[in-house]
Every structure is written in C-alpha cells, then in structure tokens.
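Asks: what follows is a predicted protein model with its sequence.
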Amino acid sequence: MLIENTQDRRQLSDVVAERIERLIVDGVLKVGQALPSERRLCEKLGISRSALREGLRVLRSRGIIETAQGRGSHVAKLSGEQDASPLMHLFNSQPRTLYDLLEVRALLEGESARLAALRGTDADFILLRRRYEEMLAAHTTEEADPREHARLDHAFHLAVSEASHNPVLVHTLQSLTDLMLSTVFASVNNLYHRPMQKRQIDRQHSRLFHAITERLPDQAQRAARDHIHGIRDNLKEIEQEEQRLVRATMRLEGWG
C-alpha cells in the first residue's frame, strides 16, 4: 500500500510538472518570469500545496525552474549558456552576420505573421495593439533612448510571434533575442533619425499590424518580409554611403 501511495504521488508530481511545462511552452510563463504564489498556482491548477511543491521539485531537477533564497522561483533560461558560447560571440562580433540574421528574421517573422493572422485570438490582438501603441508613442518622443526604442520594437515583433500559437517558432525567436535585438538596435540607431526611413518603418509596422488584426494572412506575411527586407536595404545603403565618404576623404587627404 505504501509503495502504491509513493508511486501515485510520484506520478502526480510528474503531472503537475507537465502542466507547468505546458504553461512555459505556450508562453504563459516566460523565461525569467517569477512564478505566481503557491496559493495562486494551487487555485489555477486545482491541486494541493504538497502536490505543487513536488511538481516544482521535479522542474528544478530538470533545470526548468530555478529557486533563489528570498526571491522565490522563476522560469530558468532554457537555452542554457548558448548566448555566452564562442559561436554566439562570433555572431555578435561580425558585422556581416547582421545581414544573415535579417535573412532568418524575414523567413521566421514572415511565417509568424501569417500564422498570427490565421490563429490569433482577440486576447492576442489586444496585447498586440498594446505593444504597437507603446512602440508608436516612443517613436514620437525625440529624446527617447535608442535602446528603449529597440526594446519596444522587439516587444511588438515578439507579440506577433506569440499570436502565431506555434511554441517552437516562439521559442526559436526568443532564443535569438540578443542577436535579434542587435538588428533592431542597428535599425533604430541608424534609421530612426533619418525622417524618410523612419516614416517607411512606421508605415511597414502599420501594414503588418493591420494585416494581422484584420486576419489577412498573405498580406501579413508579405508585410513582415517587406519590413525586414526594407531594413536590410536601408542599412546596406548607409554602409555604402559611409564607404563612399571614407574614399572621398582619403582622396581629399592625398591618399589616392
């Protein structure tokens, strides 16, 4: 009888762990986010406090949640030390990688937008509108920190991916967060102070937002890809301008 009770309890802990894992996979609980209180989790999951604690113990053993003294538990960084790996360092240190990453963004975010238009719920669209309006508000503030612009821009694109309801796609994009932010920051830092390019980006974001919320999947996919390709083309043009300036300066100084 004792063995059966132990086995039942072990199985219950696995069930509780799997339910919390599902919340993480679905993006309800995000990487780095603190878990709700034990009382709230028990109410939401309909389980006892002892069952919850054993389920959390399973998740800790799997490295899915971490617990810090005095700070409670939070969702662990699921990609481990990926961002600190030599590969990630090389990606971050090589300027050409920017264009490689923009290619990947165009593919992933194009499909993400298409799926968001097909699968997004009213709740998804409320959150997407909130992120869109926060981004627009920051764009109208001239003295705003470019890094804050980049963060809000990235948050808008992340809300699009979450509305796709494809957990693998969402987590793939999240695993590239630092690299993705490098491309967003590059566009903010180089394009937003240029009126023509800034207006173009605002129009592209508007097209993307409206295509998704009006449930136009093909238009949403095209808008996402056009947006990323537009950033790529503008950044290349800036690069070429800088190269022309360097050549002209060298000639002026008698290097040629």
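Replies: Yes, it's here.
Asks: pLDDT weak spots in the stretch 51-200 of the chain?
Replies: For the stretch 51-200 of the chain, applying pLDDT under 70 flags the ranges 78-96, 141-144, 177-183, 185-188.
Asks: please enumerate the helices of it.
Replies: For the stretch 51-200 of the chain, the helices defined by DSSP state H, counting those that start in this stretch cover 86-93, 97-119, 122-139, 146-162, 167-175, 177-191, 195-213.
Asks: tell me what the fifth one is packed against?
Replies: In terms of contacts (3 or more C-beta pairs under 8 Å, 6 or more residues apart in numbering; DSSP states H and E), helix 167-175 is packed against helix 97-119, helix 146-162. All C-beta spots, glycine's among them, are computed from the backbone N, C-alpha and C.
Asks: and those helices: which comes nearest L23?
Replies: Minimum separation from L23 across these (C-beta to C-beta) falls at helix 146-162, 13.2 Å.
Asks: show residues contacting the closest one.
Replies: Around helix 146-162, the neighbours that count as contacts under C-beta atoms under 8 Å, 6 or more residues apart in numbering are 27, 108-109, 112-113, 116, 124, 127-128, 131-132, 134-135, 138-139, 169-170, 173-174, 177, 180-181, 184-185, 187-189, 192, 205, 208, 212, 224.
Asks: can you state the direction angle for that helix and helix 122-139?
Replies: Interaxial angle of helix 146-162 relative to helix 122-139 (axes from the mean of the first three to the mean of the last three C-alpha atoms, to 10 degrees): 160 degrees.
Asks: quick one: distance of helix 146-162 to the chain centre.
Replies: Between the mean C-alpha point of helix 146-162 and the mean C-alpha point of its chain there is a distance of 7 Å (C-alpha atoms, centre = their mean, to the nearest Å).
Asks: got it, and stretch 41-53?
Replies: Distance of stretch 41-53 from the chain centroid (C-alpha atoms, centre = their mean) equals 30 Å.
Asks: okay, buried residues for that stretch please.
Replies: Along stretch 41-53, the positions that meet the burial threshold by neighbour count (16 or more other C-beta atoms under 10 Å) are L41, C42, L45, I47, A51, L52.
Asks: how about those residues in JSON lines, adding distance to R60?
Replies: Shown next, in JSON lines, are the buried residues of stretch 41-53 (distance: C-beta to C-beta, whole Å):
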{"residue": "L41", "distance to R60": "15"}
{"residue": "C42", "distance to R60": "18"}
{"residue": "L45", "distance to R60": "17"}
{"residue": "I47", "distance to R60": "17"}
{"residue": "A51", "distance to R60": "15"}
{"residue": "L52", "distance to R60": "13"}
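Asks: out of those residues, list just those in strands.
Replies: Cross-referencing the buried residues of stretch 41-53 against strands under DSSP state E gives no overlap.
Asks: that'll do, ta.
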